[in-house]
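Engineer: Build me a model from this:
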Amino acid sequence: MSDTEAKKETPPTLLVVDDNDTVLELLDLLLSHHGSTVVRAKSGAECLAVVRERPVDVVILDVMMPGMDGIEVSAELKRADPSLPIILLTAKDDLKTRTAAMSLGVNEFIAKPIHNRDLLARVGTHLAARRWEREMEHTAATVARLYQPPAEKSAGKA
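Structural biologist: Numbering: from 1, shown residues only. The predicted structure follows:
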């Protein structure tokens, strides 16, 4: 099996952040059942620590948490990696919260109760986009490595 095939078979890593154990468990079951590796965090600080320690493909983040709320965590995540997809979950679906989240570059905003198919579709969209971005970066790096511009002829030599 080639390295490319092995990379394609590696399940995506999803970080689920919520201070509610029941929500964490349900999302873990749903997402892992559909082929993802799920990492859990119960706070904003724990979320940021996980992202510093390991690569994550998508973050699914509750807005209302004690300590750092989801908006504050999103701001930190986007500063560290602007391309990291963030899906915010909240029971507080108001325009002010939604506007603050979107101004930070949050990719999705889903109101609770969560509809499983909706969440899976949105996660799938962001995973496909991440895969495509990585493939394009790999292709560009390969082309840059393989392409050797012609050497300029020295002045005065024929």
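Engineer: in this structure, which spans are helices?
Structural biologist: With DSSP state H, the ranges of helices along the chain come out as 3-9, 21-33, 44-53, 70-80, 95-103, 116-146.
Engineer: ok, of those, where does mean pLDDT dip lowest?
Structural biologist: Ranked by mean pLDDT, the helices of the chain bottom out at helix 3-9, which scores a mean of 53.
Engineer: Tell me how far the closest residue to residue 18 other than its chain neighbours lies from residue 133.
Structural biologist: Among residues not flanking residue 18 along the chain, residue 62 sits closest, at 4.2 Å (CB to CB, 6 or more residues apart in numbering). Yep, even glycine has a C-beta here, placed from its N, CA and C like the rest. According to CB to CB, to the nearest Å, residue 62 and residue 133 sit 26 Å apart.
Engineer: of these two, who's got more company?
Structural biologist: Per other CB atoms under 10 Å, whichever of residue 62 and residue 133 has more neighbours is residue 62, with 26 against 11.
Engineer: residues contacting the more buried one?
Structural biologist: By CB atoms under 8 Å, 6 or more residues apart in numbering, the contact set of residue 62 is 17, 18, 19, 20, 23, 70, 88, 89, 90.
Engineer: and if we set it to 7 Å?
Structural biologist: 17, 18, 19, 70, 89, 90 (CB atoms under 7 Å, 6 or more residues apart in numbering).
Engineer: for residue 59, same thing?
Structural biologist: Residues near residue 59 by CB under 7 Å, 6+ apart: 15, 17, 47, 77, 84, 86.
Engineer: Farthest pair within those?
Structural biologist: The span of the contacts of residue 59, defined through CB to CB, is set by 17 and 84 at 12.7 Å.
Engineer: neighbour-wise, which of the two wins?
Structural biologist: Neighbour count, other CB under 10 Å: between residue 17 and residue 84, residue 17 has more, with 30 against 20.
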